[in-house]
Structure formats: structure tokens, C-alpha cells
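Undergrad: following is a predicted model, sequence given first.
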Amino acid sequence: MPSDSLTRIRLRGRLQAAAAGVLAVLAGLAAGHLVAALTGPDSSPALAVGSRVIDLTPTPVKEWAVASLGTWDKPLLIGGVVAITLGLGALVGLLAVRRRLIIWVGPLVLTVIAAVAATLGPAAGPFAVVPALVTGAVGTLVLWWFVGRATVRPDEPGAPYALPRRAFLTGSAVVGASSAVALVAGQYLTTVRQRPATVVLPRPAETLAPLPAGLDVEGIAPWVTPNQDFYRVDTSLIVPSVDVADWRLSVDGMVDRPFIITWDELLALPMIERDVTLNCVSNEVGGPYIGGARWLGVRVRDVLARAGVQAGADQVLSRSVDGFTLSTPVQALTDGRDALIAIGMNGRPLPAEHGFPARLITPGLYGYVGATKWLTQLTLTTYEAKQAYWTERGWAERGPVKPSSRIDTPRSFARLQPGRVMIAGEAWAQNIGVMRVQVRIDGGPWQNTDLGPDAGIQYWRQWRYAWAATSGQHNLECRVIDDSGANQSEVRATPFPDGSSGLQSVVVTVD
Ligand SMILES: Nc1nc2c(c(=O)[nH]1)N[C@H]1C(S)=C(S)[C@@H](COP(=O)(O)O)O[C@H]1N2
Ligand SMILES: [Mo]
């Protein structure tokens with residue numbers, strides 16, 4: 001055989017091997033994803049590995065990801081995990097040409113990683129490893145078909161060998177197409193299983209009057225945030241899907257009468273409505289991770305009273321069905337602020353993304369210490385005995401919301417016409433109340449703004465100010481003055497560890 005064609009066969013063999021490795025990973029992940037749709041979506045290998053990466057990521061990196069990538073952080077993470085695995089697949093394929101053992105060892109190593117990741121999942125059941133095993137088996141099979149057979153040449157051991165082009169292309173097409181089908185089917189099944197069952201909300205024992213319309217200013221955020229626009233922050237790569245028939249709420253720990261209630265028992269308790277603004281501690285001054293909604297739910301105080309909180313308990317460690325934990329001061333859950341086990345949001349059952357079927361809402365505390373989604377357990381304990389997910393990662397143990405304010409319009413770097421310009425936004429001082437909101441232009445005197453309607457001290461307040469804009473570049477700032485008379489802090493602080501502070505400043509150019 002002429003040596004240049006030997007070289008060509010060798011090269012083709014290598015390319016085929018690398019491609020086979022990629023196909024093996026693709027087919028394996030797709031098969032695992034399909035099986036995971038049945039055994040539990042978070043055991044899908046790429047998602048399980050991604051979730052463990054989230055758990056292990058140092059806090060500053062996580063904070064950076066939330067701040068700079070927003071809700072893209074999760075798709076990018078999953079994409080990254082898949083891309084790296086595909087790369088490893090190509091490597092395994094190449095190595096397998098030289099050492100046949102790699103056909104078995106390569107997929108085995110990846111399978112073990114995926115299986116461990118799935119088992120460590122907080123909600124992992126006995127079948128959590130099944131998708132990883134299926135992934136490994138399918139991957140090995142594909143690799144063996146392309147490379148295992150190709151490296152065997154009984155007539156001339158050791159000679160370079162590649163599959164005939166037609167066999168390779170047919171094989172790739174079959175594997176590629178079946179992977180696509182498995183992936184789409186898996187994704188479809190997962191979404192179908194995640195759709196919250198239609199539940200009918202009970203009538204509240206106490207109804208609130210409908211809120212008046214908010215301020216009508218172009219560019220201001222709606223006063224009541226529509227559910228589909230409400231910000232979402234959580235550690236779940238897959239939105240937990242909960243069947244209310246299986247759902248239970250356990251109240252236990254340092255209580256006299258621990259109990260477990262079902263969904264129907266929860267619905268039978270007296271429900272109230274409250275207008276509450278929810279803030280994420282990761283929100284920068286002026287940032288988007290805040291929203292206001294009317295929540296329907298049961299007072300946590302009533303539920304805790306039924307269990308009988310023992311003296312000495314100062315923390316409620318709440319747990320989500322996905323294993324996430326969050327700690328809230330007993331005091332904030334039992335004082336007059338009416339913390340809720342909420343089941344309704346703006347007149348609808350909670351959307352899956354926002355905690356269906358039940359979540360905590362603690363007015364005046366950042367979400368990470370008061371707003372457990374997919375709630376399933378309240379354990380009375382002490383701060384000394386137990387730490388929650390974010391406190392273990394260095395965030396402040398208690399997280400009262402810092403009074404703050406935001407300019408929605410005009411936007412930074414807007415170009416405006418001289419004359420009357422409406423400056424408008426929101427302000428909040430939860431648990432205290434908003435007394436005044438002021439703006440200042442170019443560091444001048446603080447001027448009072450007009451406030452929008454009032455929905456109580458736990459809800460944000462809109463404001464607006466008619467500014468006579470003159471040509472040039474201008475710096476607009478706002479601040480809230482709370483009902484205790486305190487001004488919004490001008491001290492700049494990053495979100496970590498207990499929430500951002502400082503003044504938002506918007507620079508605009510007037511022609
Ligand atoms: N189960 C669970 N609940 C959670 C979280 C989470 O990661 N998992 N994140 C908390 C944080 S940090 C915030 S700010 C709020 C956000 O609630 P939302 O997504 O409905 O806006 O949920 C809280 N509840
Ligand atoms: Mo948050």
C-alpha cells in the first residue's frame with residue numbers, strides 16, 4: 001500500500017474517532033435526558049453535574065454570574081458542561097484508537113462523575129443514578145461501534161484502519177438523528193411533567209380592596225409586577241415540579257406538637273391577602289431584582305402557634321423540595337408583619353418558577369432569608385445549631401431589606417429634548433414605610449417628588465418628578481426618606497454580604 005494513502009487512512013481514522021467520541025457523548029446525554037424525564041429531571045447527567053457546579057462555586061463567582069449574566073447564567077452553565085463533555089468525548093475517541101481499553105474506561109469515568117453528581121442531588125431518590133448508567137451504556141456502545149470495531153484488523157494487527165466512508169456517514173446520521181429525537185422527547189416529557197396541576201385558589205377570609213392604578217408615566221415599571229415578568233432567582237437548574245397530591249408541609253424541630261399537613265389541609269386554613277414587595281439581596285442599587293405582588297396565603301404565625309414554638313428557638317430553617325434551605329428569624333415570622341405561606345400570586349396559583357405550590361413570603365427580608373420557594377418543611381431551631389444554604393456561603397445571617405429607591409425613567413445615557421421631562425421610579429422602606437422620595441439634579445438641592453398610591457409599608461411606592469430639563473449633560477439621583485425620618489444611606493456597598501446601598505445615579509444628555 002503506498003504510504004501517502006496509509007497516512008490518509010490514519011488521519012481519517014483519527015477524525016472518525018474524534019467524531020465518534022463526540023457522537024457517543026451526544027447520544028449518551030440524550031438517552032440519559034430521556035430516561036431522567038421519567039426518573040426525575042434533575043438526575044439528567046448534564047443538569048446534575050451543572051447543579052453540583054453551582055453548589056461548589058465560590059460565592060464571589062456566583063455573585064458575578066448573577067450580576068453580569070442575569071438569567072442567562074443557567075443556560076450558559078448547562079451549555080458549558082455539555083461543551084466540555086463533548087470535548088472530553090473527542091479526546092476519549094482519539095485515545096481509544098491507540099488503546100482499546102479506553103473505549104470502556106473513558107465512558108466509565110464520565111459515568112461515575114455523572115452518577116456521583118446525581119446521587120449528591122438534594123432530592124435524589126433511589127433511581128437517581130439510572131440516567132447516568134444509561135448515558136454510560138449508550139456512550140460506550142456508540143464508541144465501540146465506531147472505534148472498537150475500526151481498530152480491529154484481524155488480518156493485519158496494528159495497521160491504520162478507518163470505517164468505510166459510507167458506513168461512517170450512515171452511522172453518524174443514525175446516531176445523530178436518534179439523539180435529537182431522544183433529546184426532544186425528553187425535553188417534552190420534562191415540561192409536561194412540570195406543568196403545575198390546575199389548582200383552584202380558596203377565597204381569602206379577609207380580602208383586600210383592589211389596588212388603585214399606579215402612576216401613568218412612560219417608562220416606569222408597573223406598580224404590580226405581572227407574574228410572567230417577576231424576577232426569578234434560585235439555585236435550581238430545573239424548576240421543581242410538585243404534584244399537590246404528594247405535597248406535604250412538615251412543621252417540626254423545637255415545637256411541642258410537630259405536625260404534617262397535606263395540600264387540602266393547608267387550603268382549609270384561613271387565608272389572607274397581602275401586598276408585599278420582594279427583593280433579592282443580589283440586587284445592585286437601581287437593579288432589576290425586585291417586584292411587587294399581591295400574595296394569598298396562610299399566616300406563618302398561625303401555623304407556628306398550632307405547633308407550639310418552644311422557648312429558645314430563634315430560627316426557622318425552611319426547606320424546599322429541591323433540598324435548598326433558608327433560615328428566617330422566628331421573630332420576623334411571628335411579629336405583626338404577617339409573613340405568609342403563600343399559595344397565590346396576583347390572583348393566580350404560584351407559577352412553577354415562583355414556588356408552586358407554596359412558598360414563604362416574609363415582608364422586609366431579602367428573598368434569601370425569607371422567601372423559600374417549593375416549601376415543604378419548617379424546622380424550629382437556633383442560629384447556633386443550624387445554617388442555611390446562603391449563610392453557609394458567607395451571606396449575612398439576617399437580611400433586613402435596606403431602604404432604597406430606583407429611577408426607571410429616563411434611562412442612563414438617554415438623549416432628551418429640553419423642557420419638561422418626567423423622572424420617575426420606585427422607593428421602598430419595608431417594615432418602616434416611605435415618607436418622602438427626593439431627587440437632585442447635578443448634586444443640587446434635594447427636591448420632593450410626587451408619590452403614587454400607598455399600599456402599606458411592605459409595598460414599594462412609585463414616585464415622579466417633573467424636571468425642567470436644560471441643554472447639557474446632567475446627573476440625576478434619588479433617595480428615599482423613611483417614616484423614621486432616616487435618609488437612604490449614601491454609603492456605597494456591594495450586595496455581598498447583606499445587600500447593596502448607595503445612591504443610583506443616572507446620566508442623561510439634553511440636546
Ligand atoms: N427553593 C428555593 N427558594 C428560594 C431560592 C432558591 O434558590 N431556592 N432563592 C431565594 C432568593 S435568593 C430569592 S431573591 C427569592 C426569589 O424569588 P422569585 O424567584 O420568586 O422572585 O427566592 C428565594 N427562595
Ligand atoms: Mo435573592
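TA: Okay, I see it. Ligands and ions are numbered 1, 2, ... in the order given.

Undergrad: now the residue of the stretch 101-250 of the chain found nearest ligand 2: how far from residue 139?
TA: Using CB to the ion, the single residue of the stretch 101-250 of the chain nearest to ligand 2 is residue 233, 4.5 Å away. (C-beta placed from N, C-alpha, C; glycine too.) Between residue 233 and residue 139 the computed distance is 34 Å (CB to CB, to the nearest Å).

Undergrad: ok, now residue 334?
TA: Spatial separation of residue 334 from residue 139 under the definition CB to CB is 53 Å.

Undergrad: looking at those two, which one has more neighbours?
TA: The residue with the greater number of neighbours, taking residue 334 and residue 139 and applying other CB atoms under 10 Å, is residue 139; the counts read 30 against 17.

Undergrad: quick one: contacts for that one?
TA: Under the criterion of CB atoms under 8 Å, 6 or more residues apart in numbering, the contact partners of residue 139 comprise 24-25, 27-28, 89, 107, 110-111.

Undergrad: rerun that using 10 Å as the cut-off
TA: Residue 139 sits next to 21, 23-29, 31-32, 45, 85, 89, 92, 103, 106-108, 110-111 when contact means CB atoms under 10 Å, 6 or more residues apart in numbering.

Undergrad: quick one on the thing from earlier: correct me if wrong: the residue of the stretch 101-250 of the chain closest to ligand 2 contacts residue 289.
TA: Yes - if you go by CB atoms under 10 Å, residue 233 and residue 289 touch, sitting 6.2 Å apart.

Undergrad: list residues touching both of the two?
TA: 66, 70, 278, 280-283, 367.

Undergrad: residue 41: neighbour count?
TA: 24.

Undergrad: next, give phi and psi for it.
TA: Dihedral pair for residue 41: phi -60, psi -30, per degrees, to the nearest 10.

Undergrad: also residue 466?
TA: Per-residue torsions, residue 466: phi -90, psi 110 (degrees, to the nearest 10).

Undergrad: return the residues of the stretch 101-250 of the chain in contact with ligand 2.
TA: Taking CB under 5 Å from the ion as the test, the list of the stretch 101-250 of the chain residues beside ligand 2 reads residue 233.

Undergrad: can you map out the helices along the stretch 101-250 of the chain?
TA: 102-119, 130-143, 165-194 (DSSP state H, counting those that start in this stretch).

Undergrad: now the chain
TA: In order along the chain, the chain carries the following helices (DSSP state H): 3-39, 45-56, 59-69, 73-98, 102-119, 130-143, 165-194, 263-267, 300-307, 330-334, 389-392.

Undergrad: looking at the ones you listed, which is buried most?
TA: When the helices of the chain are scored by mean count of other CB atoms under 10 Å, the highest mean neighbour count falls to helix 130-143 (a mean of 24).

Undergrad: now the end-to-end length of stretch 367-377.
TA: Using CA to CA, to the nearest Å, the end-to-end distance of stretch 367-377 comes out at 17 Å.

Undergrad: tell me how far whichever residue of the stretch 1-150 of the chain sits closest to ligand 2 lies from ligand 1.
TA: In the stretch 1-150 of the chain, no residue comes nearer to ligand 2 than residue 66, which is 8.4 Å away by CB to the ion. In this view, residue 66 and ligand 1 are 9 Å apart by CB to the nearest ligand atom, to the nearest Å.

Undergrad: give me the contacts around the helix or strand bottoming out on mean pLDDT in the chain.
TA: Least confident helix or strand of the chain, by mean pLDDT, DSSP states H and E, is helix 59-69 with a mean of 78. Outside helix 59-69, the residues within contact range by CB under 10 Å, 6+ apart are 54-55, 57-58, 72-77, 233, 235, 280-284, 287, 289, 390, 392-395, 494-497.

Undergrad: give me the subset of those residues that also touch ligand 1.
TA: By CB under 6 Å from any ligand atom, the members of the contacts of helix 59-69 lying near ligand 1 are 233, 235, 280.

Undergrad: neighbours of the first one, how many?
TA: Taking other CB under 10 Å as the criterion, the count of residues near residue 233 is 18.

Undergrad: show me what from the chain comes close to ligand 2.
TA: If contact is defined as CB under 5 Å from the ion, the residues of the chain in contact with ligand 2 are 233, 280, 367-368.

Undergrad: before I go, just wanted to say thanks for your time.
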